[in-house]
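Enquirer: pasting the structure only:
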């Protein structure tokens with residue numbers, strides 16, 4: 001009797017100990033809103049309703065793990081090359097290289113600008129403006145453009161524009177006046193906001209936090225809703241770095257303000273964030289209490305209400321209450337805007353299919369997966385390259401799930417074709433060494449080793465999966481996926497040597 005191990009979904013950090021139902025996602029996690037508004041403060045003359053509204057509403061799409069427009073670490077399948085980090089993993093950095101800033105006067109000016117601020121690292125808000133050119137991410141300026149991804153090229157361009165602008169600044173002889181200089185310089189604000197947006201897209205949470213702190217310091221007045229919004233945003237960015245103490249303190253500060261100012265939607269918004277904080281502490285009961293408090297406050301904000309219901313569904317599935325989770329996902333689907341929140345709707349439908357499998361209704365799950373695949377195929381024909389790539393990644397996951405159901409039905413030849421299709425789509429989106437590709441190679445090996453009794457072919461599939469798992473493992477000698485695949489190969493070798 002061969003005991004073959006299937007690969008589970010990789011989760012960082014590994015905080016959950018409960019067994020999960022079948023999951024179509026490349027990582028599961030809470031769905032907080034980590035988007036940081038990139039806008040203009042209300043009290044300034046350049047006040048923009050469009051920008052301020054971005055701070056007021058939740059625009060994240062439903063936390064690979066987190067799947068927002070700013071690449072928050074989301075719960076839907078997210079293939080990226082190079083792979084970005086999830087919650088607390090930290091951004092990808094480059095090796096330190098000297099920057100190509102040619103004028104010594106520029107360095108002197110920058111020293112003059114930033115010397116008027118004290119550096120108090122114990123404070124939760126910045127007391128010194130964030131200098132993007134002093135961060136390790138700025139070494140992208142020395143990287144050849146052809147070696148960079150599209151997002152990294154955007155960062156390189158935004159940093160160069162920032163550097164060029166800083167060279168043109170006229171600095172006062174009195175360093176004490178430089179605080180006011182930056183606060184009144186509209187061009188400086190535009191440049192750091194552009195940088196913050198790229199940092200968020202890349203998942204460079206520390207750098208994005210530095211800019212958010214600087215914006216609060218220079219442009220926002222304490223005791224205003226805009227300042228409380230910024231405090232809330234800073235809490236999210238601290239959480240991304242697993243700085244739980246700073247994160248909770250800022251959440252509670254923002255919550256106190258919005259409760260005092262009688263702003264129920266923002267109270268509900270912060271309660272969702274606090275629920276996420278307790279989720280990452282593995283205190284699911286407390287997380288659910290906060291979500292229940294938030295839900296009735298969010299009737300006028302459908303994106304946040306969807307997020308709240310989605311998170312309740314996650315907690316229920318972690319508890320093993322799959323019928324309750326199914327109900328929450330169905331409620332969220334009734335609220336979600338199918339046009340403005342298309343990605344969120346797709347993720348919810350995938351969760352719905354997962355729950356049908358968990359409650360042993362495979363035909364219902366198969367119908368959900370097939371309908372979603374068909375919808376994505378139609379959508380992909382008219383979309384741009386970026387949207388088509390994302391759709392291919394999700395299609396790969398769906399075909400994997402469909403194949404798994406057909407294996408259970410005994411439709412092995414059909415399942416083989418579907419697994420092959422899943423590998424092709426996942427590879428097109430994330431590359432041949434993406435963890436999701438390993439997951440399908442392993443499942444294909446299980447099919448060959450079990451029902452089909454094609455042991456040499458099974459070994460070949462497991463070897464593909466093993467290579468990918470080792471590439472992505474933090475420590476291959478202890479990684480669970482690596483260990484399971486090695487056990488699978490060992491079982492096959494024993495059978496072949498008999």
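Expert: Cool, the structure landed. These numbers were taken from a predicted model, which means no experiment stands behind them. Numbers count the residues shown, from 1 in each chain.

Enquirer: tell me what the host helix or strand of residue 313 is packed against?
Expert: Per DSSP states H and E, residue 313 falls inside helix 302-319. Other helices and strands packing on helix 302-319, by 3 or more C-beta pairs under 8 Å, 6 or more residues apart in numbering; DSSP states H and E, are helix 264-280, helix 284-294, helix 322-335, helix 342-358. C-beta here means a position set from N, CA and C on the backbone, and glycine is covered the same way.

Enquirer: Which helix in this structure has the most residues?
Expert: Under DSSP state H, the helix in the chain containing the largest number of residues is helix 385-409.

Enquirer: Can you name the element that comes right after that one?
Expert: That would be, after helix 385-409 and using DSSP H and E, helix 412-430.

Enquirer: The protein: strands as residue ranges?
Expert: 66-67, 73-74 (DSSP state E).

Enquirer: Mind telling me which of the ones you listed the model trusts least?
Expert: Comparing mean pLDDT across the strands of the chain, the weakest is strand 66-67, with a mean of 23.

Enquirer: Okay, residue 277 and residue 266: tell me how far apart.
Expert: Computed as C-beta to C-beta, to the nearest Å, the residue 277 to residue 266 distance reads 17 Å.

Enquirer: Please disregard the earlier target; I meant residue 225.
Expert: For residue 225, the distance to residue 266 - C-beta to C-beta - is 8 Å.

Enquirer: Residue 295 now?
Expert: Residue 295 sits 15 Å away from residue 266, going by C-beta to C-beta.

Enquirer: for the stretch 51-200 of the chain, which spans come out with low pLDDT?
Expert: 51-128, 170-179 (pLDDT under 70).

Enquirer: cutoff 50 now
Expert: 51-128 (pLDDT under 50).

Enquirer: Need the pLDDT of the closest residue to residue 317 other than its chain neighbours.
Expert: Residue nearest to residue 317 in three dimensions, not counting chain neighbours: residue 325, with 4.1 Å by C-beta to C-beta, 6 or more residues apart in numbering. In this model, residue 325 is scored at 98, pLDDT.

Enquirer: Hmm, residue 309 and residue 325 touching each other?
Expert: No - counting by C-beta atoms under 8 Å, residue 325 stays clear of residue 309, with 10.4 Å between them.

Enquirer: gap between the helix holding residue 313 and the chain center?
Expert: Taking C-alpha atoms, centre = their mean, to the nearest Å, one finds the center of helix 302-319 at 16 Å from the center of the full chain.

Enquirer: With stretch 228-237 instead?
Expert: Relative to its chain's centre, stretch 228-237 lies at 17 Å (C-alpha atoms, centre = their mean).

Enquirer: Please apply the same query to stretch 263-271.
Expert: 22 Å.

Enquirer: hmm, back to that, between residue 225 and residue 266, which contacts overlap?
Expert: Residues touching both residue 225 and residue 266 by C-beta atoms under 8 Å, 6 or more residues apart in numbering: residue 258.

Enquirer: who's more crowded, those two?
Expert: residue 266 (23 against 18; other C-beta atoms under 10 Å).

Enquirer: Isn't that one up against residue 258?
Expert: Yes - Residue 266 lies in contact with residue 258 (C-beta under 8 Å); the separation is 4.2 Å.

Enquirer: list residues touching both of these two?
Expert: 225, 228.

Enquirer: on that earlier part again, by how many degrees do the longest helix of the chain and helix 342-358 diverge?
Expert: 10 degrees (axes from the mean of the first three to the mean of the last three C-alpha atoms, to 10 degrees).

Enquirer: mean confidence score for helix 385-409?
Expert: For helix 385-409, the per-residue pLDDT averages 87.

Enquirer: what packs against it?
Expert: Using 3+ C-beta pairs under 8 Å, 6+ apart, helix 385-409 sits against helix 342-358, helix 362-382, helix 412-430, helix 435-449.

Enquirer: if we go to 7 Å?
Expert: helix 362-382, helix 412-430, helix 435-449 (3 or more C-beta pairs under 7 Å, 6 or more residues apart in numbering; DSSP states H and E).

Enquirer: Pipe the ones you listed into JSON lines and attach distance to residue 345 per row.
Expert: As requested, the helices and strands packed on helix 385-409 are exported to JSON lines (distance: least, C-beta to C-beta, whole Å):
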{"stretch": "helix 362-382", "distance to residue 345": "9"}
{"stretch": "helix 412-430", "distance to residue 345": "20"}
{"stretch": "helix 435-449", "distance to residue 345": "21"}
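
Enquirer: For residue 181, find the nearest of those helices.
Expert: Evaluated over the helices and strands packed on helix 385-409, closeness to residue 181 peaks at helix 412-430, with 45.4 Å, by C-beta to C-beta.

Enquirer: Now that closest one: buried residues?
Expert: 415-416, 418-419, 421-430 (16 or more other C-beta atoms under 10 Å).

Enquirer: So for residue 146, which of the helices and strands packed on helix 385-409 sits nearest?
Expert: helix 412-430 (20.6 Å).

Enquirer: Please tell me how far the closest one is from the chain's geometric centre.
Expert: With C-alpha atoms, centre = their mean, you get 25 Å for helix 412-430.

Enquirer: who's in contact with that helix?
Expert: With contact meaning C-beta atoms under 7 Å, 6 or more residues apart in numbering, helix 412-430 is reached by 79-81, 389, 392-393, 395-396, 399-400, 402-403, 406-407, 434, 436-437, 440-441, 443-444, 447, 451-452.

Enquirer: picking up where we left off before, ok, so what distance separates the residue nearest to residue 317 from residue 286?
Expert: 18 Å.

Enquirer: Those two: which has the busier surroundings?
Expert: Shown here are residue 325 and residue 286; by other C-beta under 10 Å, residue 325 has more neighbours (26 against 15).

Enquirer: Pull up the distance across stretch 276-291, start to finish.
Expert: 9 Å (C-alpha to C-alpha, to the nearest Å).

Enquirer: do the same with stretch 293-305
Expert: Counting by C-alpha to C-alpha, you get 12 Å between the two ends of stretch 293-305.

Enquirer: what's the spacing between residue 213 and residue 392?
Expert: 38 Å.

Enquirer: repeat for residue 168
Expert: 44 Å.

Enquirer: And the two? Which one has more around it.
Expert: Set residue 168 next to residue 392 and count neighbours by other C-beta under 10 Å: residue 392 wins out with 20 against 9.

Enquirer: ok, the more buried one - contacts?
Expert: So residue 392 contacts 425, 428, 429 (C-beta under 7 Å, 6+ apart).

Enquirer: where's the last one relative to residue 273, distance?
Expert: Pointing back at residue 429 there. 30 Å.

Enquirer: now swap in residue 487 and tell me
Expert: 40 Å.

Enquirer: Neighbour count: the two, which is higher?
Expert: Counted by other C-beta under 10 Å, residue 487 and residue 273 do not tie: residue 273 has more neighbours, with 25 against 14.

Enquirer: picking that back up, between the helices and strands packed on helix 385-409, which one is nearest to residue 304?
Expert: helix 362-382 (24.0 Å).

Enquirer: Report the angle between the closest one and helix 322-335.
Expert: Using the same axes, to 10 degrees, helix 362-382 lies at 30 degrees relative to helix 322-335.

Enquirer: how much does helix 362-382 deviate in direction from helix 412-430?
Expert: Using the same axes, to 10 degrees, helix 362-382 lies at 40 degrees relative to helix 412-430.

Enquirer: Residues contacting helix 362-382, please?
Expert: 346, 349-350, 352-353, 356-357, 388, 391, 394-395, 398-399, 401-402, 405, 408.
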